[in-house]
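Participant: got a predicted structure plus its sequence, pasted below:
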Amino acid sequence: MKVRIESAFHPTSYEAEVTGPGEFDIEAASRAICGMPDCSCGGLQRCSFRVDGEPVSRLDFLDAVMSGGEEDGAPEEAIVSRAAREQILVEFTPGVRGWFEPVEILSDEYCVIEWNQPGAGLVRGCVARMDVQTEAGEFIWQWDGTFEPVEEEQQAATGQEAEVFAGFVVSESGAYFVQLPQDNEFGFSLFDADQSWPGGIGAARTWTAVARESVPAEAERALGWILDGVQPVG
């Protein structure tokens, strides 16, 4: 399988022949496209992609090179990685985060997630693991800023819907909130007993999901009703 990447920002390109899973060197491709630190080109985000001469989307390209073109007989490691999915913390913009279950794990550093995008419906996009962790030791994944609509037929066939974490979160200052999916531009809001913040903007800079059974009693009394959907009387 011959692949080619062409930058839309620099007069650079990268070509490789991929014959099996794990052969494609995405770091080498990134350096070939742009080796300048802090460049505003966006690296592989502003590129065109081809597989065996045919233009493909960025997500299809990543899927093809990570699987080595093995559509039917995926290696056991890939099958295991897809089966052993867990939620990851994704940052859309600084401080705006949510928990998602990857719909596809391309490598240890790249995943595909799905979410409801206002005006577009169910979409999917690529996220990359950053070398940044929360205080709880969870890696933060960064959205690359692009998305593709999920075809209605695919939604019906898979029965998949975007999964935004719903539950308690705690901010870096120790304040507790409830995060719930919402029909806004971020796909979620943070709530306390008195108000809500779309995308968490204005409530906190960063936050971490917390299991309900680990939440202090006072936070459960003040906010638990939001999760239960039953407002207390008095």
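Facilitator: Received, thanks.

Participant: distance of Ile140 relative to Leu190?
Facilitator: Distance, Ile140 to Leu190, by CB to CB, to the nearest Å: 17 Å. For the C-beta atoms, the positions are set from N, CA and C on the backbone; glycine is no exception.

Participant: neighbour count for those two, which is higher?
Facilitator: Between Ile140 and Leu190, counted using other CB atoms under 10 Å, the more crowded position is Leu190 (25 against 17).

Participant: mind listing what's buried in stretch 8-15?
Facilitator: Residues His10, Tyr14 are the ones in stretch 8-15 that count as buried (16 or more other CB atoms under 10 Å).

Participant: tell me the mean pLDDT for that stretch?
Facilitator: Averaged across stretch 8-15, pLDDT comes to 80.

Participant: give me the domain ranges for the chain.
Facilitator: 2-67, 80-158, 167-228 (automatic domain parsing).

Participant: helices of this protein, residue ranges please.
Facilitator: 26-33, 58-67, 76-83, 152-158, 217-228 (DSSP state H).

Participant: going by mean pLDDT, which of those helices comes out lowest?
Facilitator: Among the helices of the chain, helix 76-83 scores lowest, at a mean of 37.

Participant: so what's the most centrally placed residue in the chain scoring on pLDDT?
Facilitator: Taking CA atoms, centre = their mean as the criterion, Val127 is the residue nearest the geometric centre of the chain, at 4.3 Å. On the pLDDT scale, Val127 is placed at 90.

Participant: was I right about it contacting Glu114?
Facilitator: No. With contact defined as CB atoms under 8 Å, Val127 does not reach Glu114; the gap is 11.0 Å.

Participant: so where's the longest strand in this protein?
Facilitator: Assignment by DSSP state E gives strand 121-133 as the longest strand of the chain.

Participant: please point out which parts of that strand sit buried.
Facilitator: Leu122, Val123, Arg124, Gly125, Cys126, Val127, Ala128, Arg129.

Participant: again with stretch 21-34
Facilitator: Pro21, Phe24, Ile26, Ala29, Ala32, Ile33, Cys34.

Participant: looking at those residues, which is nearest Ser67?
Facilitator: Taking CB to CB as the measure, Ser67 lies nearest Pro21 of the buried residues of stretch 21-34, at 5.7 Å.
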